[in-house]
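Student: Sequence and predicted model, in that order:
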Amino acid sequence: MNFQKQNITNYNLYDTAVDNMFIAEYMATAPGDYVKAYLLALMYADLNVPCTNESLARELGITVEEVLLAWNHWEKLGLILKKYPDPENRLRYTVEFLNIREARFGKARASSEHKPGSVKLTDQELAQLYRDIEAITGRLFEGREMQEIVSWLTDYSIAPDVILLCYKYCMRNRKTSKYRYVGAVLKDWVQQGLRTVADVEQHLENTDARHFLHKRILKALGFSRNATEEERRIIDTWFDELDYDIERVLEACRKTSGISNPNINYINSVLTSWKREEKGETGSGDSESLYKRVMDLYEKERTNNEIRTRENLDQVFQKAPRVRDILREMREASYRMSKAMLMGVNGQDAVLREQETIDGLLLEKETLLQENGFPLDITETVFTCKECKDSGLLESGERCPCFKEKAERLLSEAS
């Protein structure tokens, strides 16, 4: 005897299990369209029926953009996971629905197991951290920088002093204070197990910039060993006496591609020859490096642009005084949002409220600017190059194309 069960072909005759925690804690505070997208997609996932963001949008009568925003919202709350088939393409992904209880309580257990020293700051301590960072960078915070700082504290469980040290390190060694770059350096430290100032300082002492340059050059020549004392002395002259940067030295290393036995002495002869040629072309006995002259240009541009930024703000404040208050209120709301983020799930409502406040202030500011005939970006900091923000370095740490343009212009003017 065989037993069979009739297949149900009408989706409406099935049940979709929705966790009570979703209804009680997440549904009420979420935008209605986000809830609809979540529930409809959850139904299709339970039924193992393929669907797309476009089909969800059509069924719900909303835009595809609203569906994508819904996934961003639920991802931030830890209810779904985006999976990228191609890591390089962040626009294409599948959505995996996570177990809400595991996401809520399992994550908390993992956090307590792997992050025993969770950092909790008082309002005064957080405010002091912000002031210290502004003192180091010599500028006001950018965009979501304050919120990012809070996420570093909570996600990495590191002391504020480590964050301050990272800003100092990036300013001193990389000549940049961009928070995304600082965050990348900080993440690398944490991944290496460096969570205290002592750990980081010991690491920097062992792997300082010059040691990295020595290793990088030998690697370009095909060696995996450390440099000898004499090789280190010769390599150091390329940077200290010839004033070359690492890109120029690596260019000389590529000249050895046809050499059977590449060595430091050969590279030294190439670089020394280049330096003589450069001095002959420019006719200048000035020992000032091209690098320094380019960086001087950036410094002048930053100074001039700071003046232009202040003039723009003064002009706006004179015609639309309310804009000054709006900018202040936006900074205050951003500060409150960063404090709320420290509270985790308990602070989510406050984060959403502050974000709505910021969005409303931004809309009010744009309206006032338009009414008074100002471009919408007139209150932003002026930069000659928006890619590197007049620092010569991109967020990836690579040199900005405008650096080469400035160098070529200086050489052309000197010839």
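Tutor: Okay, I see it.

Student: Whichever strand or helix holds residue 408 packs against which elements?
Tutor: For residue 408, the element it lies in under DSSP states H and E is helix 401-414. Counting contacts by 3 or more C-beta pairs under 8 Å, 6 or more residues apart in numbering; DSSP states H and E, helix 401-414 is packed against helix 264-282, helix 290-319. Glycine gets a C-beta too; all of them are placed from N, C-alpha and C.

Student: pLDDT value on the nearest residue to residue 189 once chain neighbours are set aside, please?
Tutor: The spatial neighbour of residue 189 that comes closest, neighbours along the chain excluded (C-beta to C-beta, 6 or more residues apart in numbering), is residue 200 at 5.9 Å. Residue 200 is assigned 87 on the pLDDT scale.

Student: how far out from the middle of the chain is the strand or helix carrying residue 248?
Tutor: In the assignment (DSSP H and E), residue 248 maps to helix 246-254. Relative to its parent chain, helix 246-254 has a centroid offset of 28 Å by C-alpha atoms, centre = their mean, to the nearest Å.

Student: so who does residue 305 touch?
Tutor: Applying C-beta atoms under 8 Å, 6 or more residues apart in numbering, we find residue 305 in contact with 381, 382, 383, 384, 390.

Student: could you flag which of those residues are buried?
Tutor: Buried by 16 or more other C-beta atoms under 10 Å: 381, 382, 383, 384, 390, out of the contacts of residue 305.

Student: How is this structure divided into domains?
Tutor: 11-113, 123-206, 209-282 (automatic domain parsing).

Student: Which one of the ones you listed lies nearest to residue 319?
Tutor: Smallest distance to residue 319 across the domains of the chain (C-beta to C-beta): 22.2 Å, for domain 123-206.

Student: that older thread, using CSV, write out the CA atom coordinates for the helix or strand hosting the residue nearest to residue 189.
Tutor: Using DSSP H and E, residue 200 sits in helix 197-206. Presented in CSV, the C-alpha positions along helix 197-206 are these (Å, rounded to 0.1, in the frame of the first residue of the first chain):
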residue,chain,number,x,y,z
VAL,A,197,47.6,51.4,23.2
ALA,A,198,50.5,49.2,24.4
ASP,A,199,49.8,46.5,21.8
VAL,A,200,49.6,49.1,19.0
GLU,A,201,52.8,50.9,20.0
GLN,A,202,54.7,47.7,20.2
HIS,A,203,53.3,46.7,16.8
LEU,A,204,54.3,50.1,15.3
GLU,A,205,57.8,49.8,16.7
ASN,A,206,58.2,46.3,15.2
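
Student: List the buried residues in that helix.
Tutor: For helix 197-206, by 16+ other C-beta under 10 Å, it's residue 200.

Student: Now the helix or strand just after it: average pLDDT?
Tutor: Scanning forward in sequence from helix 197-206 by DSSP H and E, the next helix or strand is helix 209-220. Helix 209-220 shows a mean pLDDT of 82.

Student: contact partners of the helix holding residue 248?
Tutor: For helix 246-254, the external contacting residues (C-beta under 8 Å, 6+ apart) are 213, 216-217, 220-221, 235, 238-239, 262, 267, 270-271, 274, 399.

Student: Now it: buried residues?
Tutor: Buried residues in helix 246-254, counted by 16+ other C-beta under 10 Å: 246, 248, 249, 252, 253.

Student: ditto for stretch 126-143
Tutor: Applying 16+ other C-beta under 10 Å to stretch 126-143 flags 126, 129, 130, 132, 133, 136, 137, 141, 142 as buried.

Student: re earlier: tell me the helices and strands packed up against the helix holding residue 200.
Tutor: Applying 3+ C-beta pairs under 8 Å, 6+ apart, we find helix 197-206 packed against helix 160-173, helix 179-191.

Student: before we move on, back to that, quick one: contacts for the residue nearest to residue 189?
Tutor: 162, 165, 166, 169, 189, 194.

Student: distance of the closest residue in space to the third one that isn't next to it in sequence from residue 245?
Tutor: Of all residues beyond its chain neighbours, the one nearest residue 166 is residue 186 (4.9 Å), with distances taken as C-beta to C-beta, 6+ apart. Taking C-beta to C-beta, to the nearest Å as the criterion, residue 186 is separated from residue 245 by 25 Å.

Student: Could you do residue 77 as well?
Tutor: 46 Å.

Student: same question, residue 370
Tutor: 45 Å.

Student: Neighbour count for these two, which is higher?
Tutor: residue 245 (16 against 11; other C-beta atoms under 10 Å).

Student: Now do the closest residue to that one other than its chain neighbours against residue 407, distance only.
Tutor: Nearest non-adjacent residue to residue 245, counting by C-beta to C-beta, 6+ apart: residue 291, 5.7 Å away. According to C-beta to C-beta, residue 291 stands 8 Å off from residue 407.
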